[in-house]
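Trainee: heads up, no residue letters with this:
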């Protein structure tokens, strides 16, 4: 039984040679740094386009807006004080699964990597004023046996994708806040 436990621990360590490195092109923001205190919430309508699911980008943006405490999300552009038209540009590595499988089959001896890049372009319209935003950040995931030593000192490979998405949308909301769009 003790030998089986050691075998499981050894196998786990041998196959976990994965590390994630954030590019940190944008500052890392916490909720307090982009929170907005309004007497009346600003009504925001957003529509998002992208190669992958549009609903996912709208969900990420709406979550960042709600977390800032500034706004109410409305269903139509007619009800909104601010209309946001966003485009999510996909720069990911679609063929990364094949090298990752090869790396996995060799227990990390043959390295592979994939880059995630979140690139958002948004146009915000408030009355007659139009504001344009362009934000992007990225992360690289590396599968290679020596990454076993680097993993504790880098981003968690299981959560880095979500962290990069959240931080990019938070930076977009912060830029809108700094332009005075989300305050009344």
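Mentor: Received, thanks. This structure is a prediction, so every number in the text was calculated from the model and none was measured.

Trainee: When you work out contacts or count neighbours from here on, use the C-alpha atoms and nothing else.
Mentor: Will do.

Trainee: What separation do you get for the residue positioned nearest the centre of the chain and residue 22?
Mentor: Nearest to the geometric centre of the chain sits residue 165, at 0.8 Å (CA atoms, centre = their mean). For residue 165, the distance to residue 22 equals 11 Å [CA to CA, to the nearest Å].

Trainee: Neighbouring strands - and their directions - for whichever strand or helix holds residue 47?
Mentor: In this structure, residue 47 sits in strand 42-50 according to DSSP states H and E. Applying DSSP bridges, strand 42-50 is found paired with strand 71-73 (parallel), strand 82-90 (parallel).

Trainee: what's in contact with the helix or strand following the longest one?
Mentor: Once the chain leaves strand 82-90, the next helix or strand it forms, by DSSP H and E, is helix 97-105. Around helix 97-105, the neighbours that count as contacts under CA atoms under 8 Å, 6 or more residues apart in numbering are 15, 109-113, 143-144.

Trainee: element containing residue 174?
Mentor: Element membership for residue 174 (DSSP H and E) is helix 160-178.

Trainee: Which of the residues in that helix are classified as buried?
Mentor: By neighbour count with 16 or more other CA atoms under 10 Å, helix 160-178 contains the buried residues 160-161, 164-177.
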